[in-house]
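Participant: Here's my sequence, what's the structure:
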Amino acid sequence: MAGSRLELVFGDTPPKGRLLLIGAGAASDLDRFDPARTQVVQRLFPEFAALKARGLAPVTAPEGDFDAAVVFLPRARAEARARIAQAAAHLAPGASLWVDGQKTDGVDSVLKEVRALAPVDGIQSRAHGKIFRVTLPEPGWLPADWAAQDHQAAPGFVTRPGVFSADGPDPASVALAAHLPDKLPTRMVDLGAGWGWLSAQVLAHPGVEVLHLVEADAVALDCARRNVTDPRARFHWADALDFRLSEPVNGVVMNPPFHDGRAADPRLGAGFIRAAAGLLTGAGRLWMVANRHLPYEQALREHFGDVAEIGGDTRFKILTATGARRPGAKAAKGRRA
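Facilitator: Residues are numbered from 1 along each chain as shown. Take a look at the predicted model:
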């Protein structure tokens, strides 16, 4: 990737010793780094899999000590601070920690914060972002609350920085839970389960014998394991878009994402719909929630024989579908409850 900010800092000569990269993705400019001396931390399954395909050996949390590190900033402020604290915990005083981020991800405010805490130099700008170097002081230079900590999002539920809806149950999931039938099918999937709030509501209904929680964010899934201790729960760190089971299920619930970065992208939800159809028996049923403006009905009719809206308000719509289609089947017109 010519023209990256990493090129400005390192050129073709990466730092000596072991290098820690936190938050690097498949599109990051990593060819200059020796895989044998580089550890990439990536919590999102699709990015993790793509990094492995590039010949790297990603992990979900740092392992060991390092001579230098690069933190790639996310949008969420709490997660950005947690990544910096995580990198610093694996470096010795005097080591170099580079922080790289887009202006839209708040790199300028992070630079201002860090500059007040430690020596900063090597500031470079390119492609609507900045990279800068922090020379680590003695331990204790970072505020204690920068490290990732549990947050009680609801009674009995913990979250961590960077997970979706970390402050509490997502209102769309709450709306979906309120429209589920009293009795649910025996074999269920929560596609994009997050930290497990909706799954817990599903398991409170009679009829469920097993519930598969599918989540791409390893940190969110770890929270779900702590939040949902019911023995009927099964946990899968996977990409919902291509997740499969050896046997079909007869129920799916989901509150699919609809943003890719900052941009709304209904294709994500359409991919979830396609995946749900692939998991269900013909008689199985999907329940999903979506923002009112998102045009998911067409995708539902392409993959299901019967589609209905069963509730909602000005913000959300609750949709259900059954009759999962085989590829090439003719689409249905659907109905509105």
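
Participant: mind listing the helices for the stretch 201-337 of the chain?
Facilitator: Using DSSP state H, counting those that start in this stretch, the helices of the stretch 201-337 of the chain run over residues 218-227, 266-279, 297-303.

Participant: in the longest one, what counts as buried?
Facilitator: Neighbour-count burial for helix 266-279, counted by 16 or more other C-beta atoms under 10 Å, picks out 266, 268-273, 275-279. Glycine gets a C-beta too; all of them are placed from N, C-alpha and C.

Participant: With respect to pLDDT, which of those ranks lowest?
Facilitator: Among those, residue 266 has the lowest pLDDT, at 76.

Participant: nearest residue to that residue other than its sequence neighbours?
Facilitator: Closest residue in space to residue 266, ignoring its immediate chain neighbours: residue 294 at 5.3 Å, by C-beta to C-beta, 6 or more residues apart in numbering.

Participant: What pLDDT is listed against that neighbour?
Facilitator: At residue 294 the predicted local distance difference test score is 90.

Participant: And residue 28, by the same measure?
Facilitator: On the pLDDT scale, residue 28 is placed at 93.

Participant: okay if I get the helices of the stretch 201-337 of the chain as JSON lines plus distance to residue 36?
Facilitator: JSON lines is the format used below for those (distance: least, C-beta to C-beta, whole Å):
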{"stretch": "helix 218-227", "distance to residue 36": "24"}
{"stretch": "helix 266-279", "distance to residue 36": "35"}
{"stretch": "helix 297-303", "distance to residue 36": "44"}
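
Participant: closest to residue 173 out of the ones you listed?
Facilitator: Ranking the helices of the stretch 201-337 of the chain by proximity to residue 173 (C-beta to C-beta) places helix 218-227 first, at 12.9 Å.

Participant: buried set for the closest one?
Facilitator: For helix 218-227, by 16+ other C-beta under 10 Å, it's 218-224, 226-227.

Participant: isn't residue 159 right up against residue 222?
Facilitator: No - judged on C-beta atoms under 8 Å, residue 159 makes no contact with residue 222 at a distance of 10.4 Å.

Participant: Any stretches of the protein with poor pLDDT?
Facilitator: Under the criterion pLDDT under 70, the flagged ranges of the chain are 1-3, 259-264, 326-337.

Participant: Spell out which residues make up each domain of it.
Facilitator: 5-146, 151-324 (automatic domain parsing).

Participant: Could you identify which of those is most buried?
Facilitator: Mean neighbour counts were compared across the domains of the chain using mean count of other C-beta atoms under 10 Å; the top stretch is domain 151-324, at a mean of 19.

Participant: Distance from the chain centre to that one, please.
Facilitator: 14 Å (C-alpha atoms, centre = their mean, to the nearest Å).

Participant: hang on, the earlier thing: and the helices of the stretch 201-337 of the chain: which comes nearest residue 89?
Facilitator: Between the helices of the stretch 201-337 of the chain, helix 218-227 lies closest to residue 89; by C-beta to C-beta that is 16.2 Å.

Participant: contact partners of the closest one?
Facilitator: With contacts defined as C-beta atoms under 8 Å, 6 or more residues apart in numbering, helix 218-227 is touched by 43-45, 48, 60, 156-160, 162-164, 193-197, 199-200, 213, 215, 235-237.

Participant: what sits against residue 310?
Facilitator: Counting by C-beta under 8 Å, 6+ apart, residue 310 touches 179, 318-320, 337.
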